[in-house]
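>>> Predicted structure and sequence below. I'll ask about it afterward.
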Amino acid sequence: MIQNKEPINILFFGPSGSGKGTQAEMLAKKYDLKRLQSGAILRKWAKEKTDFGRKVQTAMNNGFVPSEWIFQMTKEEFSKVDENQGLMLENFSRMLPEIKNLYNVLSGLNRKLDYIFLININDKEAIQRMIKRGTCQQCEKVVVLDNDIEKLICPDCGGTIKRREDENIKSIKKRLSDYHNKTAEVLDYIRKNDKLIEINGEQSIENVFQDIINYINN
């Protein structure tokens, strides 16, 4: 395991189906990082019985949450993490204002992004992977469904695993298109201001993980 005097903070990018969630989970366990996902945070706030919580729920239903709200939630959630624990961040910077806000939040907490990984995968492979996966309704773990069974039991929490309603070809293609269109300028911004580490995501899970570990260790 890598030895650090200070906690490491990692940010992941990659299209749906690239396996970034799986890699983030594995890395969080290996380096004892606090795993934070923007979608999970949004859903958590949306459940709050407050005016802001109801606004977040409405915004999510309409498919757009203002960047300043994400900034507010990000700042508050990050401040709850022990300063001696590193962060594993997913999906916090899909648009340019959000990556700038993320840098500002981390700077205010005396943190920096030590590693920014982009897991690359072509759209055809992404589609093939996404139509085979299901999500636990309780802990949100994503698993691969190797057959036509619509309901399985989550190996982590025992919850019910179902296919997401938007895991169809049309919806998947739209999500991939949105990712490419919105994330391009974010990645350009990072390349100009920081170091973006690109990983071949079309390998096995184990090989992708090893590539990431090799980079960190070196």
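Yep, that arrived.

>>> Now that residue 92 has come up, it's in contact with residue 71, right?
No. Using C-beta atoms under 8 Å, residue 92 makes no contact with residue 71, being 9.9 Å away. Where you see a C-beta, it was placed from the backbone N, CA and C, and this is true even at glycine.

>>> Give me the common contacts of those two.
Common contacts of residue 92 and residue 71 (C-beta atoms under 8 Å, 6 or more residues apart in numbering): residue 98.

>>> more neighbours, these two?
More crowded of residue 92 and residue 71, by other C-beta atoms under 10 Å: residue 92, with 23 against 18.

>>> Just the pLDDT at that one, thanks.
What the model reports for residue 92 is a pLDDT of 78.

>>> residues touching it, list them.
Counting by C-beta under 8 Å, 6+ apart, residue 92 has contacts 11, 36, 38, 70, 74, 98, 99, 102.

>>> For the residues you listed, give me TSV that also has distance to residue 201, neighbour count and pLDDT.
TSV is the format used below for these (distance: C-beta to C-beta, whole Å; neighbours: other C-beta atoms under 10 Å; pLDDT from 0 to 100):
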residue	distance to residue 201	neighbour count	pLDDT
11	16	24	96
36	21	20	90
38	20	20	82
70	25	23	82
74	25	22	85
98	22	20	87
99	20	24	91
102	22	22	92
